[in-house]
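K.L.:
No letters, just coordinates:
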């Protein structure tokens, strides 16, 4: 691609394409304080809060059903209060701005689909088994070559989605637009709890890791650190996350 395009940047792209990365869903604005607030964003925050509470209640019931230990009520309350507080802070900020961007909707759909696949389907369990111990997975009857094929095919699809969103957000396309993003992606996964040896990690953990990495990037840019220093810091964070994972696994062994 770099050779065919001769390293050129193609753009500007059409508005009916750029809305994917820079557009917002329709809003219902009402007066609030000295400005306005979007009721759609507030409604989604309410729904998200209810779903979080129901998910936690279901988790507690499942643990009680199978005789597992449950956390004290006060710990559950604090956990829910912190999570819901973050959700409301986030949606309040976008409600007082331009509402919910299409990118957030797309991310929500992807997170929901992949969370379901990895936690509720046979295919998801096979991926975890392959990551944990490929030889054991193969001996247990899993077609590891097929799992490998579909995992990499899926990765290509997600890379294409990321390329579409990035080019739409920038209103232009260049072959080297995503250079260096792999460090952020890998770092997000490890910060979110993925194991260096494989077989461990969750979709929500990766999302949390991505938010942390995003905050780190924005913070370093705001204080004026050069790009080379930013790469050093992110590399140290990634190295630290992998080191902690390896050391924790060694202690358990």
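P.N.:
Okay, I see it. Predicted model, so just to flag it, every value in this text is computed and none were measured. Numbering: from 1, shown residues only.
K.L.:
How is this protein divided into domains?
P.N.:
1-23+101-175, 28-100, 180-252 (the TED database).
K.L.:
tell me what the helix or strand hosting residue 184 is packed against?
P.N.:
Element membership for residue 184, per DSSP states H and E: helix 181-191. Here helix 181-191 touches helix 203-222, helix 227-252, going by 3 or more C-beta pairs under 8 Å, 6 or more residues apart in numbering; DSSP states H and E. Where C-beta positions appear, they are placed from N, C-alpha and C, glycine not excepted.
K.L.:
Can you say which of those is nearest to residue 78?
P.N.:
For these, the distance to residue 78 is smallest for helix 203-222, at 17.4 Å, taking C-beta to C-beta.
K.L.:
Okay, buried residues for the closest one please.
P.N.:
By 16 or more other C-beta atoms under 10 Å, the buried positions in helix 203-222 come out as 203, 205, 206, 207, 209, 210, 213, 216, 220.
K.L.:
Nearest to residue 85 among the residues you listed?
P.N.:
residue 207 (17.3 Å).
K.L.:
How confident was the prediction at the spatially closest residue to that closest one that is not a sequence neighbour?
P.N.:
Once flanking residues are discounted, residue 207 sits nearest to residue 111: 5.9 Å by C-beta to C-beta, 6 or more residues apart in numbering. Confidence at residue 111, expressed as pLDDT, is 93.
K.L.:
From residue 205, how far out is residue 111?
P.N.:
11 Å (C-beta to C-beta, to the nearest Å).
K.L.:
got it, and residue 172?
P.N.:
Taking C-beta to C-beta, one finds residue 172 at 33 Å from residue 205.
K.L.:
Check residue 120 too.
P.N.:
Counting by C-beta to C-beta - residue 120 and residue 205 are separated by 17 Å.
K.L.:
And for residue 125?
P.N.:
17 Å.
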